[in-house]
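Enquirer: No letters, just coordinates:
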């Protein structure tokens, strides 16, 4: 509990940083900050320092997710010129190489990781939907397209109701696969299980996601 409290108290500036990049009026920012803090708290509760990830990197999708949930509830979503520019830059580099991780995209564009996540979040994707993973032919499009071929607004980090249905190990797999872009061999090493088990877990997760969105 003390560790969680320190993570939260030491990262309020991170929430403000995200809020300030969204381009809303001063009087609106306080509400966005409060929503972002909910995401910060969720991230602090789920953060596992033993995995070696920086907390700020881990927390940003949660912060953005809660802010977007708040904006949707108010039917008040707008995109600043800065984010539109980010989207164009990210789209351009993905068209050149769609196997890049978020960190690699940030490095190539000389942007912060936070900016790249913001750009992706407003495209309704955390990774390119057309991205084919290294060890099989599946893409994120396979997981987020309904029976009529219409794209579903999908972000695993924003769907707490769905995310809570997975085991701790399955949640880690989702983060490694769709957030960090690791392949099955890399995930197997991280989770200390066989690649075949990773494959079985992915199939199970895929079916659960499809049922959630298509039910």
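Expert: Ah, there it is. Because the structure is a prediction, the values reported are computed rather than measured.
Enquirer: so where is this protein shaky, pLDDT-wise?
Expert: Within the chain, the segments meeting pLDDT under 70 span 1-2, 23-27, 72-84, 98, 114, 117-164, 178-181, 209-215.
Enquirer: can you give me the helices for it?
Expert: Listed in chain order, the helices of the chain (DSSP state H) span 2-9, 12-21, 26-46, 55-73, 81-96, 102-109, 113-121, 141-144, 160-163, 168-174, 184-191, 195-214.
Enquirer: Need those helices in a markdown table (columns: mean neighbour count).
Expert: Where you see a C-beta, it was placed from the backbone N, CA and C, and this is true even at glycine. Shown next, in a markdown table, are those (neighbours: other CB atoms under 10 Å):
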| stretch | mean neighbour count |
| --- | --- |
| helix 2-9 | 13 |
| helix 12-21 | 17 |
| helix 26-46 | 18 |
| helix 55-73 | 21 |
| helix 81-96 | 15 |
| helix 102-109 | 17 |
| helix 113-121 | 22 |
| helix 141-144 | 16 |
| helix 160-163 | 13 |
| helix 168-174 | 17 |
| helix 184-191 | 17 |
| helix 195-214 | 15 |
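Enquirer: pretty sure residue 198 contacts residue 189?
Expert: No. In this structure, residue 198 is not within contact of residue 189 by CB atoms under 8 Å, at 9.8 Å.
Enquirer: Specify the residue ranges that define each domain of this structure.
Expert: Taking automatic domain parsing as the reference, the chain has its domains at 1-77, 79-123, 126-215.
Enquirer: Now residue 54, what are its backbone angles?
Expert: phi -70, psi 140 (degrees, to the nearest 10).
Enquirer: heads up, I number from 207, so please use that
Expert: Okay, residue one is now 207; in that scheme the one you just asked about reads as residue 260.
Enquirer: Pull the contacting residues for residue 294.
Expert: Counting by CB atoms under 8 Å, 6 or more residues apart in numbering, residue 294 touches no other residue.
Enquirer: Distance check, it against residue 300.
Expert: 11 Å (CB to CB, to the nearest Å).
Enquirer: Kindly report the same for residue 383.
Expert: Here residue 383 is placed at a distance of 18 Å from residue 300 (CB to CB).
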